[in-house]
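Student: take this sequence and fold it.
(2 chains)
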Amino acid sequence: MNYTKSAMKALCIATMMFSATGVHAENKTWTRVSIATEGGFKPYNFTKPDGTLDGYEIELSKYLCAHMKVECEINVQNFDGMIPALNAGKFDAIISGMSATAKREQVIDFSDSYGSTGQAFATSKSGPLAALPEKGVVFSLASNEAGAVAEIEKLKPLLEGKTIGVQIASTGAAFVDKYLKGVVEVREYKTTEEHDLDLAAGRVDLVMASMAYLTTASEKPGNEDMTTTGPRFQGGFLGRGSSVGLRKTDPELKALFNAAIAAAKADGTIKTLSEKWFGFDVTPR
Amino acid sequence: MDWTFLQETFVSLISAVPLTLLLAVNAIAFGAVLAVGIAVARFSAIAPLRWLAQAYVFVFRGTPLLVQLFIIYYGLSQFPAIRHSPLWPILREPYWCAVLALALNTAAYASEIVRGGLLSVPFGQIEAARACGMSRFMIFRRITLPLGVRQALPGYGNEMISMVKATSLASIITLMEVTGVAARIISESYRAIEVFVVAGAIYLTINFLLTRLVQLVEFRLSPHLRQPVAVLPAIIEGEAH
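Tutor: Numbering: from 1, shown residues only, chains lettered A, B, ... in the order given. Down below sits the predicted model:
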């Protein structure tokens, strides 16, 4: 009994030492950065028929690497195992449409956000809600919560008694629960495709989902009648948006990425690239 | 074990029990009426009626309830003709779509159970009823159906329990019954075991009460299988004096 215990202890210490020497290096100066991406999450990142990678994040990575003056190598990895693989030292950064959530932040570090699509409404083109005011205007719950709340108050009389569809336990569901409870009737769906079907059938008047999703969905066959409407909300409890995932032991690399992202925001690169790939501005604010 | 979490979960899930019961009761009630109709149609002298009943049972017993639910809820609503029909106010509501799917499904299974029960009625009893001069309908109402139901009851009890559990599928069409609420709590708390254990216990309780109820009905319907009541000899004795 005692023997097994001490053996386990030794094993634990050995693993700790290995991981420490393998990954951690004090004040490392970065010259080469290995980046992991999924390669199948359009328009963030995807693999073209000829095998090369393309997408919003691929173009942005090239800009970030040039700004950081490092040589970058982008590898395709399974999204599922990315976080453990990052911590095991298989690559140095994740740029794969990964949202910085509180749960992930317990395990890895995140840079500042380089893209927040936010939550938006969609409705039927012929319906009465197609003409909601402030279409496409972005309200941030992080930098101007009072402004966002005032906008919601303005929407309330227009949404009174309507039925809204959201994905179960999604960010949109949390938003509706917090700000529109009692004003609208909420229906919760397992998948976003299902609330699109019910929007087309007229069972719900409105759906709320990520702007990136709604833009792609409204282009799908069968959703010809779907259109985004009203303002967009981002920040705060809606999440920080997509960020670069990094090991907690690499603060230098995080500082480098943050500086590069700030530059991309300032010179309009994020705006230009996101308008090219998403069709709207995803600059976090 | 986190008792406060279990308690909160229990309170949220209990509030969803009325919807689960309402779905089950409605589905079983509509289903039972339909089942008797189908079972009778299977004995009909008119061949097309028999074929129709057979085809119905074949289709609804041969496809998963989940698929039937999807077809009725998401499938039918795709046709503009249905969206503009007078049926739309009913088919628009997820609740009635769920009741419809559950009732149509249980009717197929239950009709076979009822048919088995009707077939088990001894021919001698029907012959005796005929000898008394009863009409065919009266024989059915007074002899075949009550005796058949008594025979079918244990099997039908199974089917009712299945239906109570099948209401959990209604959560996929946005109905927040017990399983729907459980799924929501899990996706918010990531604690599957506690929530599902509580949900399972709720279904277990409902089905425990249901089995007791079926047992009670079975007891009432089969006096011929019981010992004569003990007071009888006393009365006879009293008469002898």
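Student: from the contact counts, what lies against the longest strand along chain A?
Tutor: Of all the segments assigned as strand in chain A under DSSP state E, the longest by residue count is strand A:226-234. Helices and strands touching strand A:226-234, by 3 or more C-beta pairs under 8 Å, 6 or more residues apart in numbering or on different chains; DSSP states H and E, are strand A:119-124, strand A:138-140, helix A:145-159, helix A:192-201, helix A:211-217. (Glycine included, C-beta is placed from N, CA and C.)
Student: helices and strands around the last one, which ones?
Tutor: Other helices and strands packing on helix A:211-217, by 3+ C-beta pairs under 8 Å, 6+ apart, are strand A:119-124, helix A:192-201, strand A:226-234.
Student: strands paired with the last one, and their directions?
Tutor: When pairs are called by DSSP bridges, strand A:226-234 turns out to pair with strand A:119-124 (antiparallel), strand A:138-140 (parallel).
Student: okay, angle between that strand and helix A:145-159 too, please.
Tutor: 150 degrees (axes from the mean of the first three to the mean of the last three C-alpha atoms, to 10 degrees).
Student: the longest one now?
Tutor: If you take the same axes, to 10 degrees, helix A:192-201 sits at 40 degrees to helix A:145-159.
Student: how far off centre is helix A:192-201?
Tutor: 23 Å (C-alpha atoms, centre = their mean, to the nearest Å).
Student: before we move on, what SS does residue 176 have?
Tutor: With no chain named, the answer covers chain A. Using DSSP: H, G, I helix; E, B strand; the rest coil, the secondary structure recorded for A:V176 is helix.
Student: wait, chain B
Tutor: Per three-state DSSP, the secondary structure class of B:M176 is coil.
Student: circling back: would you tell me what the next helix or strand after the longest strand of chain A is?
Tutor: Past strand A:226-234, further along toward the C-terminus, the next helix or strand under DSSP states H and E is strand A:242-246.
Student: any chance of the helices and strands packed on helix A:211-217 in CSV, plus mean neighbour count and mean pLDDT?
Tutor: Rendered in CSV, the data for those read as follows (neighbours: other C-beta atoms under 10 Å in any protein chain shown; pLDDT from 0 to 100):
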stretch, mean neighbour count, mean pLDDT
strand A:119-124, 25, 94
helix A:192-201, 21, 91
strand A:226-234, 22, 92
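Student: who wins for proximity to A:V33 among those?
Tutor: Ranking these by proximity to A:V33 (C-beta to C-beta) places strand A:226-234 first, at 27.8 Å.
Student: if we can go back for a sec, I'd like the strands paired with strand A:226-234 as CSV, with distance to A:L199 appended.
Tutor: Formatted as CSV, the entries for those read as follows, by distance: least, C-beta to C-beta, whole Å:
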stretch, distance to A:L199
strand A:119-124, 6
strand A:138-140, 23
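Student: tell me which of those strands approaches A:A173 most closely.
Tutor: strand A:119-124 (10.0 Å).
Student: which residues are contacting that closest one?
Tutor: Counting contacts by C-beta atoms under 8 Å, 6 or more residues apart in numbering or on different chains, the residues outside strand A:119-124 that touch it are A:129-130, A:132, A:171-172, A:175, A:199-200, A:202, A:205-211, A:214, A:217-218, A:225-234, A:238.
Student: what's in contact with stretch B:42-57?
Tutor: Counting contacts by C-beta under 8 Å, 6+ apart, the residues outside stretch B:42-57 that touch it are B:I38, B:A39, B:A41, B:A108, B:S111, B:E112, B:R115, B:L118.
Student: hmm, try it at 10 Å
Tutor: B:34-35, B:37-41, B:104, B:107-109, B:111-112, B:114-115, B:118-119, B:140, B:144 (C-beta atoms under 10 Å, 6 or more residues apart in numbering or on different chains).
Student: which among the residues you listed count as buried?
Tutor: Neighbour-count burial (16 or more other C-beta atoms under 10 Å in any protein chain shown) applied to those gives B:34-35, B:38-41, B:104, B:107-109, B:111-112, B:114-115, B:118, B:140, B:144.
Student: mind checking which of those land in helices?
Tutor: B:34-35, B:38-41, B:104, B:107-109, B:111-112, B:114-115, B:118 (DSSP state H).
Student: which of those residues sit farthest apart?
Tutor: Farthest apart among these by C-beta to C-beta are B:L104 and B:L118. That separation is 21.0 Å.
Student: mind listing what the residue nearest to A:L246 when sequence neighbours are not counted touches?
Tutor: Taking C-beta to C-beta, 6 or more residues apart in numbering or on different chains, and ignoring the residues beside it in sequence, A:L246 has A:D109 as its nearest neighbour in space, at 4.7 Å. Shown in contact with A:D109 (C-beta under 10 Å, 6+ apart): A:86, A:100, A:243-251, A:253-254.
Student: got CSV for the residues you listed, with neighbour count, pLDDT and distance to B:R212 too?
Tutor: Listed next are the contacts of A:D109 as CSV, based on neighbours: other C-beta atoms under 10 Å in any protein chain shown; pLDDT from 0 to 100; distance: C-beta to C-beta, whole Å:
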residue, neighbour count, pLDDT, distance to B:R212
A:L86, 24, 94, 56
A:A100, 19, 86, 53
A:S243, 28, 94, 57
A:V244, 29, 96, 61
A:G245, 26, 95, 56
A:L246, 21, 96, 60
A:R247, 21, 96, 59
A:K248, 14, 95, 58
A:T249, 17, 94, 62
A:D250, 22, 94, 64
A:P251, 13, 94, 65
A:L253, 21, 95, 66
A:K254, 18, 95, 63
